[in-house]
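pasting a predicted model and its sequence here:
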Amino acid sequence: MQNNLGKLQIFSIINENAQSKKRIDVEYYQPFFEDVVLKVAGSKFELQKLEDVTVLISNGRTPSKDMYDENNNQGSMPIIKAGTASGYFVDLEKLKYVKVDLSGGKKAQKDDIFILSAAHQASYVGKNVSILNIKPPQGTCFVGELICVRADLKKVLPEYLFGFLSSKIGYLLLNREKRGQTSHIYPNDIKDILLPIPSLKKQKSIVAILNKAYEEKRKKEEEIKIILAKINNFVLDELNIDMPRGGAEKVFQIWSDEIKGRIDPFFYKPYFQNLIAEIMKQKHFTLGEALIEMSGGATPKVTGDYYLDEGGVPFLRVQNITQMGINLDGVKFIKPEVHKTMLKRSQLKKDDLVFTIIGRPGTVSIIPDNFEGNISQNSVRFHLRDKVENTKIFPEYVAVFLNTKVGKGLSLRWTAGGAQPALNADIVKKLIVPLPSVAKQEKIVAEVKIIYEKAKQLSQEAENVIITAQKEIEQIILM
């Protein structure tokens, strides 16, 4: 019997080896973990425990729901959560805020490394490792699902430590330390991890390889942004929609008979009014007129027996829904029986449009053929008629338009709420979409598809740059 790494699942160990590790769970002694440990032990560089080259290895505290401050009032404390530290670098634009000091004296600093130590899906634990590469706002703390690792600068460069822990070898060493059915990693368990520590001079040369790769990745990501930005002008030119100039009016007036159910000034900005006027000059429709069916998603409680680590039905959250299509990176899985019963009404099918309504409202993905999936409560799914006013509708075209700057602007106009903007599902029906000829829709879909393919290619190249650099570093350290 073998696992997916091609290693035997049936094996034996000597009793004294188990006693020395103080672990008796079988998973800890899997042969592929032992192989990694032996590989690290064979490094030509000195091995040191993680605790010996750091000054802090600690979880933070997790706030309760009532502690969050959505309005970021004066005196609130910024906090780093799992979603803030989910890439190579901590994204300080995604900071949340709490009303109380949860730091317990442990506040985030520049060059801190954060390891995801708890997650609903076991495969994520230890995999997400990020470094805080810029100085955070004063008082920033971190939550309990993250382990903060702070390098001892006299012994190891933070960037080197981050590079090792975020590599495939680092992930396996961290992954080995998971405990229990909830698959937690605890600070005390990772303190004894042995890792190769070259001289500071050698570390600098290794970090230079990583920095070069990150810079190449950044350039490719900037190129992606430029390519995707071209879609707006192309689509709007094809539809003869002239974007209103200015768009930042702060002083304007409307007549009382123009008020229609909303009294917030943002809703009546001349920018939006002009956009709508541009669209209504031509043939158009509301999504409500074109719908065959529409349903919102639902999110089962994390504490329930609804989810699987892998092998279940993809459960799409906001981060999985992009203008370029469904992205399954970091996707959750629900049990097939949950998909077929409890969440039956939100099952996805070919040519469904999935529309995000909370967190990042207005992003739309189209469901491809042979895709089985479901959606969270932060999205709605809808299916369109074949025709409106005797003109065929291509769902791909509708998705493209709604993802343009104009489409997202019209969605944003209807949002409500404070720190986390949201749309009511029924509001989606009120959004208007231009209805050009079939030939024009086909042209728009075909051209945008080419742009998306180029962007996806660049995205893969950006990831490959990092993967290649990590392999090069592993060879330097372990060969």
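In hand now; what should we look at?

what sits against the nearest residue to residue 265 once chain neighbours are set aside?
The shortest distance from residue 265 to any non-neighbouring residue, by Cβ to Cβ, 6 or more residues apart in numbering, is to residue 252 (7.9 Å). Where C-beta positions appear, they are placed from N, C-alpha and C, glycine not excepted. Going by Cβ atoms under 8 Å, 6 or more residues apart in numbering, residue 252 touches 265, 268-270.

narrow those residues to those that are buried.
The neighbour-count criterion (16 or more other Cβ atoms under 10 Å) marks 268-269 among the contacts of residue 252 as buried.

so of the contacts of residue 252, which ones are in helices?
Those of the contacts of residue 252 mapping onto helices are residue 270, per DSSP state H.

among the contacts of residue 252, which one lies nearest to residue 378?
residue 269 (25.6 Å; Cβ to Cβ).

what's the pLDDT at that closest one?
If you check residue 269, the pLDDT there is 82.

buried sites along stretch 38-56?
Result for stretch 38-56 [16+ other Cβ under 10 Å]: buried residues 40, 43, 45, 48, 50-51, 53-54, 56.

same deal with stretch 142-161?
The neighbour-count check on stretch 142-161 (16+ other Cβ under 10 Å) flags 142-143, 145-151, 156-161 as buried.

now render the contacts of residue 252 as a markdown table, adding distance to residue 276.
Shown next, in a markdown table, are the contacts of residue 252 (distance: Cβ to Cβ, whole Å):
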| residue | distance to residue 276 |
| --- | --- |
| 265 | 16 |
| 268 | 11 |
| 269 | 11 |
| 270 | 11 |
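
please enumerate the helices of the stretch 201-350 of the chain.
With DSSP state H, counting those that start in this stretch as the criterion, the stretch 201-350 of the chain has helices at 270-280, 287-290, 336-340.

ignore what I typed, I meant the stretch 51-200 of the chain.
158-165, 168-176, 187-190, 200-238.

just the buried residues of the second one, please?
Under the neighbour-count criterion of 16+ other Cβ under 10 Å, helix 168-176 has 169-176 buried.

which one of those is nearest residue 127?
residue 171 (5.5 Å).

hmm, residue 116 and that closest one touching each other?
No. When contacts are counted by Cβ atoms under 8 Å, residue 171 is not listed as touching residue 116 (10.7 Å).

rewinding a little: now, the buried residues of stretch 38-56 that are in strands?
48, 54, 56 (DSSP state E).

OK, contacts around the nearest residue to the last one once chain neighbours are set aside?
The reference is to residue 56. Spatial nearest neighbour of residue 56, chain neighbours left out: residue 150 (3.8 Å); criterion: Cβ to Cβ, 6+ apart. Residues near residue 150 by Cβ under 8 Å, 6+ apart: 54-57, 109, 111-113, 158.

the buried residues of stretch 142-161 in strands, which ones?
142, 146-151.

backbone dihedrals for residue 60, both of them.
phi -100, psi -160 (degrees, to the nearest 10).

so who does it touch?
Here residue 60 is in contact with 79-80, 102-104, 106, 141-144, 146, 148 (Cβ under 8 Å, 6+ apart).
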